[in-house]
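Colleague: Everything below, folded, please.
(chains A and B)
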Number of protein chains: 2
Amino acid sequence: MLERFPAPQIRAQATDILLAWGLDPAHAQVVADRFEFADLRGIDSHGIALLPLYARLRAEKRINMRASIRVIRDAGAMALVDADHGLGHPAGTRAMQLAIEKARANGIGAAGVRNSNHFGAAGAYAALAAEAGLVGLAFSSAWDAAIVPTWGAEPRFGTNPLAIVAPSADDAPFFFDIATSTVAIGKLRLAQLHGRALEPGWALDMAGEVTTDPAVGLASRRLTPLGATPKLSSHKGYGLAASVEVLATMLTGAAFCSTREHGEAHFNVGHFFIAIDPAAFRPPGEFERDLAAMQRTLRRTAPAEVGRPVVAPGDPEAAALAERASGGIPVPDSLLRQLREIAGDAGARWRLGGQ
Amino acid sequence: MLERFPAPQIRAQATDILLAWGLDPAHAQVVADRFEFADLRGIDSHGIALLPLYARLRAEKRINMRASIRVIRDAGAMALVDADHGLGHPAGTRAMQLAIEKARANGIGAAGVRNSNHFGAAGAYAALAAEAGLVGLAFSSAWDAAIVPTWGAEPRFGTNPLAIVAPSADDAPFFFDIATSTVAIGKLRLAQLHGRALEPGWALDMAGEVTTDPAVGLASRRLTPLGATPKLSSHKGYGLAASVEVLATMLTGAAFCSTREHGEAHFNVGHFFIAIDPAAFRPPGEFERDLAAMQRTLRRTAPAEVGRPVVAPGDPEAAALAERASGGIPVPDSLLRQLREIAGDAGARWRLGGQ
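Modeller: The predicted structure is shown next:
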């Protein structure tokens, strides 16, 4: 069962909970903005569904809910932001805004974030650049080791997401936002829920062997890098996850996933953002026009199966946005119950109906 | 059979052929440099083995061997270079040098190239940044459509390579250089040569169905994006290939692969380069030290198979360099015969022995 709620109602509920947790009001708005971006685009795992995770990390005192972010370096086309161990959204948003300003002035700009935490959907940050008419790139580490290097038996990287979003003359932007694992851990949970075997190549057991048993994969928490197996070039996904780690943690001074001690108070997640101004490279409008032509060409690709058309990157998210902006955001019963409990514990007003 | 030659001898032979083709002497040196980088690191497909391809494109008048490259935009932290339809190496090298200069001054720098051609190994350009102490990123389009979008039956992108190289306190840099297809077309040729079936997921037939027959895959020239199949998240490799196209062609004004007319005189390949200065973000030496720690951690990952250790990205290339710098570069007989014919046709001196 799932009930639908208008986006502003979901947003108000999220904001109330975050305020009750002690977040700076401006920060709470920013977190709610990034949630809403994901929820409206069908990226359900990265919207308000994150609140139960954040509630747990708050209880464990991993996240500083009263964080005060600081720009600690700002020179030329770069900046570095310290997130003060708060949620990643306010610092990530500030960093991408700095990258955008710098790109407008210099053609390209970059900003990193250290001492951060989970920041939601990488694409929500890259999209800030695209909304400003720029190409945005976003990279993040993750504190929870999950991706196993090719030929390995132990995880070394989080699911290290990367996103690239670009403005188009088409209604939908170019939107690309992935974890660098073959699949997210959520796909294993879904398989278990439905009593299905895992696709061979999604997950490994404790010895690094491919497993198709969801219970084994969920217990080992060992995911393959994109490419799945050595024969299908998993070394490429491994290198991609490592590249994200280099940008998001080495450049910023955040913690490299495998070096974190279990007992450390904070995770020190790192993010890295790049914005590029197409108008610095080409006459105004040409980039957006060419990108729209590419999107059309991709959509017109002859399909391999009748009735299964090729989509351009970003089309599924644009379709979800069109539908949910008017039809509301679906919230499963189980999540609704968790949110109600979280709101109750925090002393926040309950806005999502029921008795 | 393969014979080994010292790198300087290979380099002199390549330079002689390029000069006989009419290349500007400085450009010929640069092309030979980029060849040597690949040949010394075991990236055999992207060194002098490219000369037969370039000889064919020269005969077809696709490449301007007397190209004169021009910087057509240079502002703030960005630049744009016109390759004048020459080989991609001189313009690509000039662009990465500009990105490096701009990163030193601004923290990050970027440069694009339009009206270019094949530029060899993307990693050879990203490595120029790493040799200068910076993180280098390189992206390129390719004129030959090969990658089929997820759910599609027609190719829409070239094998669109991307590379990230970063300086380390370790002897070996972090080196990551991939095509965004699951495998390169060369793997299909090797399978055919050895009478082996293709791994399911490498290639598609004309209808977009997976084929394991090397002859079918070579005839269709339809490669899967990294991820191989929809169940193993080929949409991620598809989006990655598309992202490379956005950076390398949309930002630069190069031709989007699928829009090229077969009859056009030149290919208008595009490249895009980014350099980032770690010293702008962190105190000198910290980035390189942390990166070396990551490399060590990756190498110490428990292996899934006894005797098959986990390697850090770049370790295979560093091992090849150590061996070939003293032991020479192996050249198969068949390539040697082709090079000899090319040298003869061009009127270049033959320096690689034989009668």
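
Colleague: Which residue does the stretch 151-300 of chain A have closest to chain B?
Modeller: residue A:208 (3.0 Å; CB to the nearest CB). Glycine gets a C-beta too; all of them are placed from N, C-alpha and C.

Colleague: Using just helix, strand and coil, how would you label residue A:136?
Modeller: strand (DSSP: H, G, I helix; E, B strand; the rest coil).

Colleague: What sits closest to it if chain neighbours are left out?
Modeller: Nearest non-adjacent residue to residue A:136, counting by CB to CB, 6 or more residues apart in numbering or on different chains: residue A:129, 2.7 Å away.

Colleague: got it, and residue A:270?
Modeller: residue A:254 is the one closest to residue A:270 (CB to CB, 6+ apart), at 2.6 Å.

Colleague: Going by neighbour count, which residues in the helix or strand where residue A:317 lies are buried?
Modeller: Using DSSP states H and E, residue A:317 maps to helix A:315-327. Across helix A:315-327, burial judged by 16 or more other CB atoms under 10 Å in any protein chain shown covers A:315, A:316, A:317, A:318, A:320, A:321, A:324.

Colleague: hmm, who's touching the next helix or strand after it?
Modeller: Using DSSP H and E, the helix or strand that follows helix A:315-327 towards the C-terminus is strand A:329-332. Identification of contacts with strand A:329-332 by CB atoms under 8 Å, 6 or more residues apart in numbering or on different chains yields A:1-7, A:10, A:39-40, A:44, A:47-48, A:324, A:339, A:352.

Colleague: Kindly list the longest helix within chain A.
Modeller: If you go by DSSP state H, chain A has its longest helix at helix A:88-106.

Colleague: by how many degrees do that helix and helix B:88-106 diverge?
Modeller: Helix A:88-106 runs at 110 degrees relative to helix B:88-106, counting by axes from the mean of the first three to the mean of the last three CA atoms, to 10 degrees.

Colleague: So which other helices or strands are in contact with helix A:88-106?
Modeller: helix A:25-40, strand A:70-75, strand A:78-82, strand A:108-116, helix A:122-131, strand A:135-140, strand A:269-276 (3 or more CB pairs under 8 Å, 6 or more residues apart in numbering or on different chains; DSSP states H and E).

Colleague: burial count for residue A:341?
Modeller: 12 (other CB atoms under 10 Å in any protein chain shown).

Colleague: sorry, that was for residue A:8
Modeller: 10.

Colleague: For it, which residues are in contact?
Modeller: Going by CB under 8 Å, 6+ apart, the list of residues near residue A:8 is empty.

Colleague: where does it land on pLDDT?
Modeller: pLDDT, residue A:8: 97.

Colleague: Please apply the same query to residue A:262.
Modeller: So residue A:262 comes in at 57 (pLDDT).

Colleague: Quick check: residue A:188 touching residue A:217?
Modeller: Yes. If you go by CB atoms under 8 Å, residue A:188 and residue A:217 touch, sitting 4.7 Å apart.

Colleague: Now for the two: what residues contact both?
Modeller: A:198, A:202, A:203.

Colleague: Now render those as a markdown table, adding secondary structure and neighbour count.
Modeller: Output for these, formatted as a markdown table (DSSP: H, G, I helix; E, B strand; the rest coil; neighbours: other CB atoms under 10 Å in any protein chain shown):
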| residue | secondary structure | neighbour count |
| --- | --- | --- |
| A:198 | coil | 21 |
| A:202 | coil | 26 |
| A:203 | strand | 31 |
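
Colleague: Put the alpha carbons of stretch A:288-301 into PDB.
Modeller: C-alpha atoms of stretch A:288-301 as PDB (Å, rounded to 0.1, in the frame of the first residue of the first chain):
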ATOM      1  CA  GLU A 288      21.800  23.300 -25.500                       C
ATOM      2  CA  ARG A 289      20.600  22.900 -29.100                       C
ATOM      3  CA  ASP A 290      23.200  20.200 -29.900                       C
ATOM      4  CA  LEU A 291      22.300  18.400 -26.600                       C
ATOM      5  CA  ALA A 292      18.600  18.400 -27.500                       C
ATOM      6  CA  ALA A 293      19.600  16.900 -30.900                       C
ATOM      7  CA  MET A 294      21.500  14.100 -29.200                       C
ATOM      8  CA  GLN A 295      18.600  13.400 -26.900                       C
ATOM      9  CA  ARG A 296      16.200  13.100 -29.900                       C
ATOM     10  CA  THR A 297      18.700  10.900 -31.800                       C
ATOM     11  CA  LEU A 298      19.000   8.600 -28.800                       C
ATOM     12  CA  ARG A 299      15.200   8.300 -28.400                       C
ATOM     13  CA  ARG A 300      14.900   7.400 -32.100                       C
ATOM     14  CA  THR A 301      17.400   4.500 -31.800                       C
END
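
Colleague: Against chain B - does that stretch have any residue that ends up touching it?
Modeller: Yes. For stretch A:288-301, a contact with chain B is found by CB under 8 Å from any CB of the partner chain, at A:290, A:291, A:293, A:294, A:297, A:298, A:301.

Colleague: Just to be sure, the fifth one is in a helix?
Modeller: Yes. When classified by three-state DSSP, residue A:297 is found to be part of a helix.

Colleague: Determine the number of other residues adjacent to the nearest residue to it once chain neighbours are set aside.
Modeller: Nearest non-adjacent residue to residue A:297, counting by CB to CB, 6+ apart: residue B:258, 4.8 Å away. Number of residues near residue B:258 (other CB under 10 Å) recorded here: 18.

Colleague: Is residue B:258 in contact with residue B:149, as I believe?
Modeller: No. With contact defined as CB under 8 Å, residue B:258 does not reach residue B:149; the gap is 10.1 Å.

Colleague: Now do the shared contacts for these two.
Modeller: B:156, B:157.

Colleague: Can you say which two of the contacts of strand A:329-332 are spatially most distant?
Modeller: A:1 and A:40 (21.1 Å; CB to CB).

Colleague: Show me the helices in the stretch 201-350 of chain A, by range?
Modeller: A:214-220, A:234-245, A:278-281, A:286-299, A:315-327, A:333-346 (DSSP state H, counting those that start in this stretch).

Colleague: Mind putting those into JSON lines with mean pLDDT?
Modeller: Below are the helices of the stretch 201-350 of chain A laid out as JSON lines (pLDDT from 0 to 100):
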{"stretch": "helix A:214-220", "mean pLDDT": "97"}
{"stretch": "helix A:234-245", "mean pLDDT": "98"}
{"stretch": "helix A:278-281", "mean pLDDT": "98"}
{"stretch": "helix A:286-299", "mean pLDDT": "96"}
{"stretch": "helix A:315-327", "mean pLDDT": "98"}
{"stretch": "helix A:333-346", "mean pLDDT": "97"}
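
Colleague: want to throw those helices into CSV with distance to residue B:30?
Modeller: As requested, the helices of the stretch 201-350 of chain A are exported to CSV (distance: least, CB to CB, whole Å):
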stretch, distance to residue B:30
helix A:214-220, 49
helix A:234-245, 26
helix A:278-281, 23
helix A:286-299, 29
helix A:315-327, 41
helix A:333-346, 58
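
Colleague: hey, which of the ones you listed is tucked in deepest?
Modeller: helix A:234-245 (a mean of 28; mean count of other CB atoms under 10 Å in any protein chain shown).

Colleague: That one - contacts with which helices or strands?
Modeller: strand B:174-178, helix B:286-299.
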